[in-house]
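*Asks:* structure for this input, please:
(chains A and B)
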Number of protein chains: 2
Amino acid sequence: MQELFHLQAVCPETGARAGKLVTPHGTVETPVFMPVGSQGTVKTLTPPDLESLGVQIILANTYHLYLRPGIDTVKELGGLHRFMAWNGPILTDSGGFQIFSLGHLRRINDEGALFRSHIDGSEQFLTPELAIRAQEDLGADVIMVLDECPPYGGTRDAIRRATERTHLWAEKSRKFHKREDQALFGIVQGGTFADLRRQSVEYLRSLDFPGYAVGGLSLGEPKEITYSVLADTITMLPADKPRYLMGVGSPEDLVECVARGADMFDSALPTRLARNGALFGENRRINIFNSRFEREAGPLDRGCDCYTCRTFPAAYLHHLFKARELLAYRLATIHNIRYIVRLMAKTRKAIQDGAYGDFKKEFLAGYEPTDPGIRAEQKRKWLLSRGVEGSP
Amino acid sequence: MQELFHLQAVCPETGARAGKLVTPHGTVETPVFMPVGSQGTVKTLTPPDLESLGVQIILANTYHLYLRPGIDTVKELGGLHRFMAWNGPILTDSGGFQIFSLGHLRRINDEGALFRSHIDGSEQFLTPELAIRAQEDLGADVIMVLDECPPYGGTRDAIRRATERTHLWAEKSRKFHKREDQALFGIVQGGTFADLRRQSVEYLRSLDFPGYAVGGLSLGEPKEITYSVLADTITMLPADKPRYLMGVGSPEDLVECVARGADMFDSALPTRLARNGALFGENRRINIFNSRFEREAGPLDRGCDCYTCRTFPAAYLHHLFKARELLAYRLATIHNIRYIVRLMAKTRKAIQDGAYGDFKKEFLAGYEPTDPGIRAEQKRKWLLSRGVEGSP
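*Replies:* Here you go, the predicted model:
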């Protein structure tokens, strides 16, 4: 297999990185955002839609596909790429996060996690080995070890135990994984505890993964903590391996976390916000339900080159949302994904130009992130961090 | 304005016709099926989707656009073509049918109809003149007079009164209509009464409309009655004008009604069935929820050239429907519309080849129309015909 990651440029001021991730299904330019296709579809979009938006790699959830339609089914149909007709790179996560958020976790031990399916209530036992087997059968280009992802706010002791189990599972996964055309990433845990994070990085580095994810962040903790834990963790990771920050996808977070040296990101936020009518504007969130769009003949966002903005008056989008027309959700998803794709391309260019510090300052100075959509999302994460079921 | 309709071929055996409808936004080859875009969108599809499916003309509902977003809004934004970014021909209906089915009709007299909006309960008074004004403002290529469309099963006297009012409104509409770039169609009523239908045709012909619609059919009456009333009505209509049969859109009905000389059709059936997982197969309806699709690697329909069938295993579509993924509804709509577009092209070719009788026989011999989806639709129409609120 070809070398997975090529580091191309590092911003001397911030540490932001531009690179290339080489996979069997194509090369990905980083920093990159991976839209979430939980159930084998980035909601509302077809593969040609994704291509035309400039999406380079998508994420799918082993947890969801494991429960429905079942890994065997996808395998029998030729794997996930063929099943969903997406020929670009795919990253699958292992299911750990969903077991703790969506599933009803019943019991966890060093062997694995017993949970109830959120679909039919059936009891399921997922082990690190099964998670690898499932991801081998799905056939993604980048796959993840099963980890234990405890909610934010746990005691140091609880976080320590979860981190240690994550390490045990990482080791089992590393041994069990056979497919040489897949890159298996380790996941750093440790909550917001600097020493646990350090131990986690050290342990995972000793297993020599081709890439490392930072898990257990963006779970409701204050943003400054997200950023500082990320920064501390990343400086300990090897520079020549890709670094994937899990579960982050708001424009301001992406810009902040790129500055801290993360290369890859995923989050359902951009697509979920879109379906709720919260759209990314040049320097703010836009609520398409706002009555000021009722007769707006211009596009939603003049600076945007997406199909939606090039084609329709904002009033049309407003109308579709008010009428709950299915087309609304697709047009809005197209816009939000295109916004994020363009944002990531801008971060990459700024890094390559050696100007990421200025780019970041300028972007954040003008950006007003908070609107009802994002507040609802924050509330959801807060509930989630307290063990209340959400829908990530 | 150029001549609206050009008759190109007539099947000597059946009376089926092939023609051309010339509108300011393009030429339409008939027989043609018009997908329904009630609220300014053919549900789930963009204009490029429609184009790639071979859709030549779409229908929009004045009733829906009148209530939301409001005719003034669409007018201010440059008309319906611009609002929804569809540059092909559009036909708008007048709102009559929806007032009787969706709206809560309060009172009707020769001036117009008082009804309550199904959206906010507000009282609305729609007159023939307002319906014309609205359609002039929307700017469709073909527009309809306001008619009174009584449910199937009314007494002869009730149908006679409704038919007479339809005539009065047709006359008012004809006088009131000013835009010369729009073709205004009269609507023949008369229920299932041959003499009322004859009187209706005679009266409307005296007003010399550029085209004629046959209304008040496919409201729950037995199919043989639909077909025979249609046949009787159409023979009385002028051969050089287009004939539009309202509310018919199942494959078998289209084939039957083309044979009786109808040129244009509309119905929400193909798109609604699609969203419910009932898909048109080569010679039958397919229920995509059927477990036989669980691991089906082949396409939904081998004979189909639509994007969905060319791209995805049927198992994927099955999965999307079971998971209630929004993409399911778009992929299914693409398939059903493409099926109907191809069917209409086949009818046209058969007519031009002088072989429509054989085509029809062959098609209907192999066709099994009934499945749970269509039975539900029949029940809905039956309820509708009895004045119970449905969702046409």
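*Asks:* was I right about A:L126 contacting A:R116?
*Replies:* No: in this structure A:L126 lies outside contact range of A:R116 using CB atoms under 8 Å: 11.7 Å. Where C-beta positions appear, they are placed from N, C-alpha and C, glycine not excepted.
*Asks:* in terms of neighbours, single out the busier of these two.
*Replies:* Neighbour tally, A:L126 and A:R116, criterion other CB atoms under 10 Å in any protein chain shown: the higher count belongs to A:L126, 24 against 15.
*Asks:* just the element for A:P35, please.
*Replies:* Counting by DSSP states H and E, the element that carries A:P35 is strand A:32-35.
*Asks:* what lies in contact with that strand?
*Replies:* A:21, A:42, A:45, A:50, A:55-59, A:91, A:249, A:254, A:263-267, A:270-271, A:337, A:340-341, A:343-344 (CB atoms under 8 Å, 6 or more residues apart in numbering or on different chains).
*Asks:* can you narrow these to ones near chain B?
*Replies:* Taking CB under 8 Å from any CB of the partner chain, the overlap between the contacts of strand A:32-35 and the neighbourhood of chain B is A:L45.
*Asks:* which SSE is A:R198 in?
*Replies:* helix A:194-207.
*Asks:* tell me what that helix is packed against?
*Replies:* Counting contacts by 3 or more CB pairs under 8 Å, 6 or more residues apart in numbering or on different chains; DSSP states H and E, helix A:194-207 packs against helix A:156-176, strand A:183-188, helix A:223-236.
*Asks:* show me how far the strand holding A:P35 is from its chain's centre.
*Replies:* 7 Å (CA atoms, centre = their mean, to the nearest Å).
*Asks:* swap in stretch A:114-123?
*Replies:* 24 Å.
*Asks:* between the two ends of that stretch, how far is it?
*Replies:* One end of stretch A:114-123 to the other measures 7 Å (CA to CA, to the nearest Å).
*Asks:* for that stretch, which positions count as buried?
*Replies:* For stretch A:114-123, burial by neighbour count (16 or more other CB atoms under 10 Å in any protein chain shown) applies to A:L114, A:F115, A:S117, A:H118.
*Asks:* from these, which shows the smallest pLDDT?
*Replies:* Taken together, the buried residues of stretch A:114-123 show their lowest pLDDT at A:H118, with 89.
*Asks:* A:L65 and chain B: what is the separation?
*Replies:* 9 Å (CB to the nearest CB, to the nearest Å).
*Asks:* also A:N287?
*Replies:* Applying CB to the nearest CB to A:N287 and chain B gives a distance of 17 Å.
*Asks:* neighbours of A:E164, how many?
*Replies:* 17.
*Asks:* how close does it sit to chain B?
*Replies:* A:E164 is 35 Å from chain B, by CB to the nearest CB.
*Asks:* confidence score at that residue?
*Replies:* The predicted local confidence for A:E164 is 98.
*Asks:* residues contacting it?
*Replies:* Contacts of A:E164 by CB under 8 Å, 6+ apart: none found.
*Asks:* repeat that for the one 4 residues further on.
*Replies:* The contact partners of A:L168, by CB under 8 Å, 6+ apart, come to A:D110.
*Asks:* gap between it and A:K175?
*Replies:* To A:K175, A:L168 is 11 Å away according to CB to CB, to the nearest Å.
*Asks:* interface residues of the stretch 1-150 of chain A facing chain B?
*Replies:* A:39-41, A:43-47, A:64, A:68-69, A:73, A:76-78, A:82-85.
*Asks:* in PyMOL, how would I select just the buried ones from those residues?
*Replies:* With 16+ other CB under 10 Å as the criterion, this PyMOL line picks the buried residues out of these:
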select buried, chain A and resi 39+40+41+43+44+45+46+47+64+69+73+76+77+82+83+84+85
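*Asks:* restricted to helices, list the residues of the stretch 1-150 of chain A next to chain B.
*Replies:* A:P47, A:H64, A:T73, A:E76, A:R82, A:F83, A:M84 (DSSP state H).
*Asks:* quick check: chain neighbours aside, which residue is closest to the fifth one?
*Replies:* So that's A:R82. Distances taken as CB to CB, 6 or more residues apart in numbering or on different chains place B:P313 nearest to A:R82, at 7.6 Å, with adjacent residues excluded.
*Asks:* okay, now the one you found: neighbour count?
*Replies:* Counted with other CB under 10 Å, B:P313 comes out at 21.
*Asks:* just list the residues touching it, thanks.
*Replies:* A:L77, A:R82, A:F83, B:E296, B:A297, B:G298, B:P299 are the contacts of B:P313 under CB under 8 Å, 6+ apart.
*Asks:* can we see that at 10 Å?
*Replies:* For B:P313, the contact set (CB atoms under 10 Å, 6 or more residues apart in numbering or on different chains) comprises A:77-78, A:82-85, B:293, B:295-300, B:319.
*Asks:* redo those as CSV? Include distance to B:F97.
*Replies:* Output for the contacts of B:P313, formatted as CSV (distance: CB to CB, whole Å):
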residue, distance to B:F97
A:L77, 44
A:G78, 47
A:R82, 45
A:F83, 42
A:M84, 40
A:A85, 39
B:F293, 35
B:R295, 43
B:E296, 39
B:A297, 43
B:G298, 40
B:P299, 36
B:L300, 32
B:H319, 37
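*Asks:* and these, which is closest to A:Y244?
*Replies:* A:M84 (21.1 Å; CB to CB).
*Asks:* distance of the spatially closest residue to that closest one that is not a sequence neighbour relative to B:N290?
*Replies:* Residue nearest to A:M84 in three dimensions, not counting chain neighbours: A:G40, with 4.5 Å by CB to CB, 6+ apart. Per CB to CB, A:G40 is found 19 Å from B:N290.
*Asks:* give the closest residue to A:D120 in space, chain neighbours not counted.
*Replies:* Using CB to CB, 6+ apart and skipping residues adjacent in sequence, the residue nearest A:D120 is A:L67, 7.9 Å away.
*Asks:* tell me the contacts of that neighbour?
*Replies:* With CB under 10 Å, 6+ apart, A:L67 has these contacts: A:39, A:61, A:95, A:98, A:102-103, A:117-120, A:122, A:124, B:323.
*Asks:* now, which of those lie within helices?
*Replies:* Short answer: the contacts of A:L67 in helices (DSSP H) are A:Q98.
*Asks:* per-residue pLDDT, A:F100?
*Replies:* pLDDT at A:F100 comes out at 84.
*Asks:* where's the nearest residue to it once chain neighbours are set aside, which helix or strand?
*Replies:* Here the nearest residue to A:F100 in space, its sequence neighbours aside, is A:C149; by CB to CB, 6+ apart that works out to 5.3 Å. Remark: A:C149 resides in no helix or strand, with elements defined by DSSP H and E.
*Asks:* surely A:C149 and A:I108 touch.
*Replies:* No: look at A:C149 against A:I108 with CB atoms under 10 Å: they stay out of range, at 11.1 Å.
*Asks:* quick one: which of these two has more around it?
*Replies:* A:C149 (22 against 17).
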